[in-house]
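J.: Give me coordinates for this.
(2 chains, ligands or ions: 1)
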Amino acid sequence: MKKTQHLRTAFFSRRRVPDCPVYDLHGHMGPVYGLHINRESAAQADAVLKRNGVRLLVFCHHAALLCPDIGNAANIVAVRAFPERLRAYCGINPNYPDQIEKDLTSFDRYPDVYVGFKFHASFHAIPITDARYEPAWALADERGLPILLHTWGNDPQCGYTVIRQVAERYHRAPILLGHSCHGAWDEAIRLVKDFPNVYLELCAVMDERGILERFVEELGSTRIVFGTDYPWFSHHYYIGAVLGSGIGDEDCRNIFYRNAKRILGK
Amino acid sequence: MRLKFIDINLAFGQPVRAGYRPAFTAGDVRRVMKQAGIAKALVWHVAQHDLAPADGNRLLAKAIAGASSLWGCWTILPPQTDEVITPDFFRRMKRHGIVALRAFPDYHKFLINRVTFGRFLDEVTERRIPLLLSLEKGGITWPAVYQVMADFPKLTCILCDIGIWGVDRFTWPLLETYPNLYLETSLLALDDGGFESMVARFGARRMVFGTNFPERYPEAGMLSLIRADISRSDKQRIAAANWEVVLNQMRV
Ligand SMILES: [Zn+2]
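T.: Down below sits the predicted model:
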């Protein structure tokens, strides 16, 4: 079947393309140490999402990842203030097992807030195979909830070797490889081929022209999800990059919304 | 009405480390420009970085000869070693359609400051020739950028590939202090709200559009600018007009 590229024209001529919503499965919120964020608040995020036709942002607040004193309360407050377009990953910091236990015990009080979990093993300097993540893995796997991992190359905390070890253990939870093992593209492709619950996520992948084209060529587009690290990065930058890759409309639709809706059970 | 785009950060040539989709020739570049909707471009050859500036400069001049949609940008080295900067340097620039300069001080192992470049960069400043410095391509570090601007405060300097983590904490103090300093937009376009906050703080005249093709997708930076919440006239300034002003002020 010949691929069409009408979406490219549509997104370049209109701010929102109503029949092609965008689901961003990799976001954050709030200020963060290494950069000035222009739009930190949940209210600003909601306004940007609405204006730009982003149907849903699934995020983990920087405070939930980097400040145990605030923790996941920041996620709950933000989603409950703007429930139409925001959902959160419950942030798991394995340096604080007691807090994990509390967050998991109270997890079911927030079905309107959480869709799954976020592990940022690089921030936390503990590999994703460590036993301290285990209760969160188990809950996600039991219920088929997505886990968004920060992944990078073959980083000892969050690279393809340790990802393979966890993927061999957990078969039900969709494992979203944030940044797709950045740089180790062949191994990322291999993981998707070997494990049906592993997905590639595009944040920072679009730094290098040609990678998305390879992913689609080797894997098709049903295992690739759209993500931006919003509010670090701009939705339209990433939308433009996906369209600029020259993949077809059906692939773009899988990436922009269809795969995300399936993972989120919508 | 569509915006007119001029891309000032575009390279071609066979890179020493092959990327996934390089642009081998000036012809490849022109095809992609046409497809993406980029009217004109300031280009350089990757050998100016990967091999040696003099060889790369020569390859560039040859490749863009007669191409009316392309301007050239040469790479410099310290004048003392006579590798690039010779007494007829500005005459050669003019002859080959070269309108801007680049320097990669870290990668090419020198310092860009008054000790090394005193008289030469004074003349570049006087002639208002833009100097492009890349923060990503092994080009230069932030302390060195601060040093260059402290030594040559009126230099027309365009900071390219400014970094993937929003760098306002580095760039805003420079923009406040040095009126001829500009930001190239390939990575500003990546920042959520990057264009909006720059325009609110400094107006639209301190940014020049660039894509960093072939490493990045031209459509990414273009769509980000098209959808920015700033006025159409500000978008047009950034997309092309600011560069045209810089170019008109330049004398070789
Ligand atoms: Zn992230």
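J.: In PDB, could you pull the C-alpha coordinates for the one helix or strand residue A:79 maps to?
T.: Per DSSP states H and E, residue A:79 falls inside helix A:73-81. Presented in PDB, the C-alpha positions along helix A:73-81 are these (Å, rounded to 0.1, in the frame of the first residue of the first chain):
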ATOM      1  CA  ALA A  73       1.700  14.800  46.200                       C
ATOM      2  CA  ALA A  74       2.800  17.200  43.400                       C
ATOM      3  CA  ASN A  75       1.400  14.800  40.800                       C
ATOM      4  CA  ILE A  76      -1.900  14.400  42.600                       C
ATOM      5  CA  VAL A  77      -2.500  18.100  43.100                       C
ATOM      6  CA  ALA A  78      -1.700  18.800  39.400                       C
ATOM      7  CA  VAL A  79      -3.900  16.100  37.900                       C
ATOM      8  CA  ARG A  80      -6.800  16.900  40.200                       C
ATOM      9  CA  ALA A  81      -6.600  20.600  39.200                       C
END
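J.: and that helix, how far from the chain's centre?
T.: Between the centre of helix A:73-81 and the centre of its chain there are 18 Å (Cα atoms, centre = their mean, to the nearest Å).
J.: in that helix, what's buried?
T.: Residues A:74-79 are the ones in helix A:73-81 that count as buried (16 or more other Cβ atoms under 10 Å in any protein chain shown). Just so you know, the C-beta spots here come from the backbone N, C-alpha and C atoms, and that holds for glycine as well.
J.: and the helix or strand following that helix, what does it pack onto?
T.: Downstream of helix A:73-81, the first helix or strand assigned by DSSP H and E is strand A:86-92. Counting contacts by 3 or more Cβ pairs under 8 Å, 6 or more residues apart in numbering or on different chains; DSSP states H and E, strand A:86-92 packs against helix A:42-52, strand A:54-59, helix A:62-66, helix A:73-81, helix A:97-105, strand A:114-119.
J.: Which neighbouring elements make contact with the third one?
T.: In this case it means helix A:62-66. helix A:73-81, strand A:86-92, helix A:121-124.
J.: what does it rub up against?
T.: Residues outside helix A:62-66 that contact it (Cβ atoms under 8 Å, 6 or more residues apart in numbering or on different chains): A:28-33, A:70-75, A:88, A:90-91, A:93, A:118, A:120, A:123-124.
J.: With the second one instead?
T.: Contacts of strand A:54-59 with the rest of the structure, by Cβ under 8 Å, 6+ apart, involve A:21-29, A:45, A:48-49, A:75, A:78, A:85-89, A:115, A:148, A:230, A:235, A:257, A:260, A:264.
J.: what's the neighbour count on whatever residue of chain B ends up closest to chain A?
T.: Nearest residue of chain B to chain A: residue B:20, at 2.6 Å (Cβ to the nearest Cβ). The tally of other residues near residue B:20 (other Cβ atoms under 10 Å in any protein chain shown) stands at 14.
J.: what helix or strand is it on?
T.: Short version, using DSSP H and E: residue B:20 is in no helix or strand.
J.: Which residues are in contact with it?
T.: So residue B:20 contacts A:208-211, A:213-214 (Cβ under 8 Å, 6+ apart).
J.: one more time with 7 Å
T.: For residue B:20, the contacting residues are A:208-211, A:214, by Cβ atoms under 7 Å, 6 or more residues apart in numbering or on different chains.
J.: what do you get for residue A:109?
T.: Contacts of residue A:109 (Cβ under 7 Å, 6+ apart): none.
J.: One more: the one 10 residues further on?
T.: Applying Cβ under 7 Å, 6+ apart, we find residue A:119 in contact with A:92, A:128, A:133, A:147, A:149.
J.: again, only using 8 Å
T.: For residue A:119, the contact set (Cβ under 8 Å, 6+ apart) comprises A:92, A:94, A:128, A:133, A:136, A:147-150, A:158.
J.: Just the strands from the chain, written as ranges.
T.: Answering for chain A, as no chain was given. Using DSSP state E, the strands of chain A run over A:22-27, A:54-59, A:86-92, A:114-119, A:147-152, A:175-182, A:198-201, A:224-225.
J.: Actually, chain B is the one I wanted.
T.: B:6-12, B:40-45, B:70-75, B:98-103, B:131-134, B:157-160, B:181-184, B:207-208.
J.: of all of chain A, which residue lies closest to chain B?
T.: At 2.6 Å from chain B, residue A:210 is the closest residue in chain A, using Cβ to the nearest Cβ.
J.: what are the phi and psi values for that residue?
T.: With angles defined as degrees, to the nearest 10, residue A:210 sits at phi 110, psi -20.
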